[in-house]
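Visitor: Test case, fold it:
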Amino acid sequence: MWAHPLFGGALSAVIPHSATDISELREIPDNQEVFAHAHTDQSLIVELVEYQGQVADQDAARYHFEDIAGSNKALEPGAFEVTSVVTLPKSELSLSECSTAWMLTGTQSVSKFNEEARNSVTIHLGLFRLPQFSTDVLITFNDPQSISPESSSACAVGTHQQPWMVKDFQRLVQTLTLHNPGLFG
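Guide: Model prediction:
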């Protein structure tokens, strides 16, 4: 297992097996690194977002989760749910520069490409708060649980050759390392 460079080497982390770097396939925003599992519909996103100073640390993961729900058009009642939010001890993290770190688990009912069909997706969200750099770092693991037969993702079901596990996500979170603070400009 080796640390994969992120954002031009300014950060690095251990990315799980069978990961495809989506930036090699299509345009990705500069503040994101996106990886998809080669054989399942799972994805991992490392994202740099503006530090939300008005949001208390213990509420920040839920804030970002709801922001993602908005992007996924999953904000209506029953379309998203938070099942747990825990603080991550800094002693278990490589990113020592963070003021606090959190892990949220929840579900969202999402559609791909504005399709009518909705898929139930478990979302694991890692959040690193870096107020000194005016940045929150989000790591999102999208793990589809049930795929609508009408979804374009339906063809990916049944090809579960070694799907990523939560421990793969946790390893990415724990190994995220900052090499160049200039990234935060």
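Visitor: Tell me which residues of stretch 7-25 come out buried.
Guide: For stretch 7-25, a neighbour-count test (16 or more other CB atoms under 10 Å) marks 7, 10-16, 18-19, 22 as buried. In short, each C-beta sits where N, CA and C put it, glycine included.
Visitor: Return the subset of those lying in strands.
Guide: Counting by DSSP state E, the part of the buried residues of stretch 7-25 found in strands is 11-14, 19.
Visitor: Would you tell me which one of these comes nearest to Val85?
Guide: Set against Val85, the nearest of these by CB to CB is Ala13 (21.4 Å).
Visitor: helix, strand or coil for His39?
Guide: State at His39, reduced to three classes by DSSP: H, G, I helix; E, B strand; the rest coil: coil.
Visitor: if I look at it, how far off is Gln162?
Guide: With the distance defined as CB to CB, to the nearest Å, His39 ends up 8 Å from Gln162.
Visitor: Find the residues that touch each one of the two.
Guide: With contacts defined as CB atoms under 8 Å, 6 or more residues apart in numbering, the residues adjacent to both His39 and Gln162 are Ser18.
Visitor: Could I get the buried residue list for stretch 134-150?
Guide: Of all the residues in stretch 134-150, those buried under the rule 16+ other CB under 10 Å are 135-144, 147-148.
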